[in-house]
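Enquirer: need a structure here:
(chains A and B)
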Amino acid sequence: MSNTSFDNTEARKRCLKYRRRLLDISQQVSALHGGAALSAMEMVDCLYHGLMRDPAGANSPDTFVMSKGHGCMVQYIILEEMGVLSREDLDLYCKADGRLGCHPDYGNPGIEASTGSLGHGMGLTVGMAYTEKFVKKTDGNVFVVVSDGEFQEGSTWECMMMAANLGVDNLIACLDHNGFQSFGRTSETHPQFYPIREKVEAFGWECAEVNGHDAAAVVDAIQSRKGGKPFLLVGNTVKGKGVSFMENIPIWHYRSPNPEEYQQAIDELQEVSS
Amino acid sequence: MRNKFADVIYEIGQKDDSICALVADISPAGSMVNFREDFPERFINCGVAEQSMIGIAAGMALKGMRPFCYTIATFSLYRPFEMIRVDLAYQNLPVTVIGMGAGVIYSTLGSTHHSMEDIAVATAVPNMTVIAPCDPDEMRQATLWCATQSQGPVYMRLGKAGEPDLTEHAIDDFEVGKIRYIRKGKDVAILTYGPITAMACEIADRLEAQGKSVSLVSCHTIKPLDEDGVCGVLTSHDHVAVIEEHVPHGGLTSRVKELAWENKVGCQLSAWTLKDEFIHCYGTYEELLAAHGIEKEAIIAALS
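Expert: This next block holds a predicted model:
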């Protein structure tokens, strides 16, 4: 785990830049899942810039899996900024000559596993964390970002049970709790999912809850965990965060803004950054 | 096969630190216990949770391991099918999924425990190799191949326990991706795989006693199927029979018929498969096969 202090001001600047880049790419293709990437922005940023060791290195001791694969644009943009993916890679996003699609694909630079079908990331990362800790006996941590909709998959809970049984305290999961699935509010489709924290703890995990857009708080919560158990951070977030007309509006799970909407979004992000 | 598999995985686990075993609340007797006790860090009982077994195995493979996932065939393939397709096959990871007790060998447990269409399901998945050894020695060689040479996921269909040795005097050596003549004749050829090969051996014996010259061919690798080898059988015998413990569609029978049509072969072609039905019938393994229409005397009569 990194012991470097995390600069929240720099994180805000980075995330504004990422949001503008995401909107630029949104004008190239209709497929984007922008709302889901915008909600996870700060959490993914702080994993790469605060918690993972040598995240751009080919032999980084730590591993990251974007289980909510539809939010992968934030990962692509960060990997582009780090030089792992090229500008051309992102410019060719979802195009015939490109290699990046709407969901992350194993084999592309910086992508540790293929995701996109929900409910897979927890199993993959339990296996990864187990191998690092108990087979290879390294100090490698495995980070995974999961969605709240993903917790409706039974496979997620199966693997959470196993994570606790196996004692993989090097598994750190971040729940992008934006409260929406593609067809509405998670609190309406699955009201019994709430409260979350008690359920997760009953499954043998350590759990903490923070504002998921406060990157410093995310870093602090993860670095302050007691350990000895797998760890879930519930990051309370806003779907479409940063663009007023996208926030908490389910259609922006899928839609890309038209030129007028794009300009408004860019203007809003300019205002915030200035 | 069950006990022999446990012996083999213990043997390879001693030599190769990347070999690990994941089971779903089931463990073959004997050496699987040895594996668990000697290599506890490489043995995980995932409990009654097959989705997590496959997902965790995929994560381990992504970190350089060569996992074997082991449970009853219906649960190893059908329950976690999307994990097999996405986690294993899409990422082309060297994970072997063992479907133990396949076909109708659990004859008294009902169709919930009969994997009658697993070959069709597994062979439909890109990147997947599908192997169904006919006896303990073929299983041993297939397992060694999975442990060392496989490049992607393998579905290996096994019987249960007590399968006889059938290949000690086989004409051909075992090679993944190649058909294997167990015995070679001129008149009739029987193409088969898996535990039902024992019945095919008895049928071949009886036909030979009648004066027929009979080939018995183990088609242990269903995917990739040895198309040239199968075509060779089709063009060198008067009558070719497929005996298959699998529904009529999507298994060896379908593939042989495709090849026969594509290559315009002129031999007589017969097939005995499980029915495309869930039969509500209980009894011995042989009685279940007979209820599906795979009955030894009837097959002998048809091939005589």
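Enquirer: what's the pLDDT at the most far-flung residue of chain B relative to its centre?
Expert: Largest separation from the mean C-alpha position in chain B: B:G211, at 30.6 Å (Cα atoms, centre = their mean). With respect to pLDDT, B:G211 scores 97.
Enquirer: so is it in a helix, a strand, or just coil?
Expert: For B:G211, the assignment made with DSSP: H, G, I helix; E, B strand; the rest coil gives coil.
Enquirer: could you say what helices and strands the host helix or strand of A:E198 packs with?
Expert: Per DSSP states H and E: A:E198 is located in helix A:196-202. Judged by 3 or more Cβ pairs under 8 Å, 6 or more residues apart in numbering or on different chains; DSSP states H and E, the packing partners of helix A:196-202 are strand A:206-211, strand A:231-236. Every residue, glycine included, has its C-beta placed from N, CA and C.
Enquirer: From B:D187, how far off is the residue farthest from the centre of chain B?
Expert: Relative to B:D187, B:G211 is positioned 9 Å away (criterion: Cβ to Cβ, to the nearest Å).
Enquirer: do A:G98 as well
Expert: Plainly put, A:G98 is 58 Å away from B:D187 if you go by Cβ to Cβ.
Enquirer: Quick check: A:H177 touching A:H213?
Expert: No: contact criterion Cβ atoms under 8 Å: A:H177 and A:H213 do not qualify, at 11.3 Å.
Enquirer: Dihedrals phi and psi, the residue farthest from the centre of chain B?
Expert: The phi/psi pair for B:G211 (degrees, to the nearest 10) reads phi 100, psi 0.
Enquirer: out of the helices and strands packed on helix A:196-202, deepest packed?
Expert: Most buried of the helices and strands packed on helix A:196-202, by mean neighbour count (mean count of other Cβ atoms under 10 Å in any protein chain shown): strand A:231-236, with a mean of 23.
Enquirer: average pLDDT for the next helix or strand after that one?
Expert: Next along the chain after strand A:231-236, taking DSSP H and E as the criterion, comes helix A:259-273. The average pLDDT for helix A:259-273 rounds to 86.
Enquirer: Contacts for helix A:259-273, please.
Expert: With contacts defined as Cβ atoms under 8 Å, 6 or more residues apart in numbering or on different chains, helix A:259-273 is touched by A:13, A:16, A:19-20, A:23, A:26-27, A:242-246, A:257.
Enquirer: can you check stretch A:235-244 too?
Expert: A:15-16, A:19, A:23, A:34-36, A:38-43, A:174-180, A:209-213, A:218, A:246-250, A:252-253, A:257, A:265, A:268-269, A:272.
Enquirer: which among the residues you listed end up buried?
Expert: Neighbour-count burial within these applies to A:15-16, A:19, A:23, A:34-36, A:38-43, A:174-180, A:209-210, A:212-213, A:218, A:246-247, A:250, A:252-253, A:257, A:265, A:268-269; the criterion is 16 or more other Cβ atoms under 10 Å in any protein chain shown.
Enquirer: buried residues in the strand or helix carrying A:D89?
Expert: Assigned by DSSP H and E, A:D89 belongs to helix A:87-91. Of the residues in helix A:87-91, A:D89, A:L90 count as buried by neighbour count, 16+ other Cβ under 10 Å.
Enquirer: from the middle of its chain, how far away would it be?
Expert: 20 Å (Cα atoms, centre = their mean, to the nearest Å).
Enquirer: ditto for stretch A:73-84
Expert: Chain-centre distance of stretch A:73-84: 12 Å, with Cα atoms, centre = their mean.
Enquirer: Going by neighbour count, list what's buried in that stretch.
Expert: A:M73, A:V74, A:Q75, A:Y76, A:I77, A:I78, A:L79, A:E80, A:E81, A:V84.
Enquirer: One more: stretch B:146-163?
Expert: Buried residues in stretch B:146-163 (16+ other Cβ under 10 Å): B:146-147, B:150, B:152-161, B:163.
Enquirer: Could you do stretch A:144-157 as well?
Expert: Going by neighbour count (16+ other Cβ under 10 Å), the buried part of stretch A:144-157 is A:144-153, A:155-157.
Enquirer: Also within reach of chain B: list those from those residues.
Expert: A:S155 (Cβ under 8 Å from any Cβ of the partner chain).
Enquirer: Save the buried residues of stretch A:144-157 as CSV, and put in pLDDT too.
Expert: Formatted as CSV, these follow (pLDDT from 0 to 100):
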residue, pLDDT
A:V144, 98
A:V145, 98
A:V146, 98
A:S147, 97
A:D148, 95
A:G149, 94
A:E150, 95
A:F151, 96
A:Q152, 96
A:E153, 97
A:S155, 98
A:T156, 98
A:W157, 98
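Enquirer: which ones among the buried residues of stretch A:144-157 are found in strands?
Expert: A:V144, A:V145, A:V146, A:S147 (DSSP state E).
Enquirer: okay, the angle between the lengthiest helix in chain A and helix A:259-273?
Expert: Taking DSSP state H as the assignment, the helix of chain A that covers the most residues is helix A:8-26. Computed with axes from the mean of the first three to the mean of the last three Cα atoms, to 10 degrees, the direction of helix A:8-26 lies at 170 degrees from that of helix A:259-273.
Enquirer: ok, the nearest residue to A:R225 once chain neighbours are set aside - contacts?
Expert: Distances taken as Cβ to Cβ, 6 or more residues apart in numbering or on different chains put A:F231 closest to A:R225, at 4.8 Å, once the chain neighbours are dropped. Shown in contact with A:F231 (Cβ under 8 Å, 6+ apart): A:D169, A:L171, A:I172, A:A173, A:W205, A:E206, A:C207, A:A208, A:I222, A:R225.
Enquirer: Kindly recompute the last result at 6 Å.
Expert: A:I172, A:E206, A:R225 (Cβ atoms under 6 Å, 6 or more residues apart in numbering or on different chains).
Enquirer: B:A161 now?
Expert: B:R2.
Enquirer: what does A:E201 give?
Expert: Going by Cβ under 6 Å, 6+ apart, A:E201 touches A:C207.
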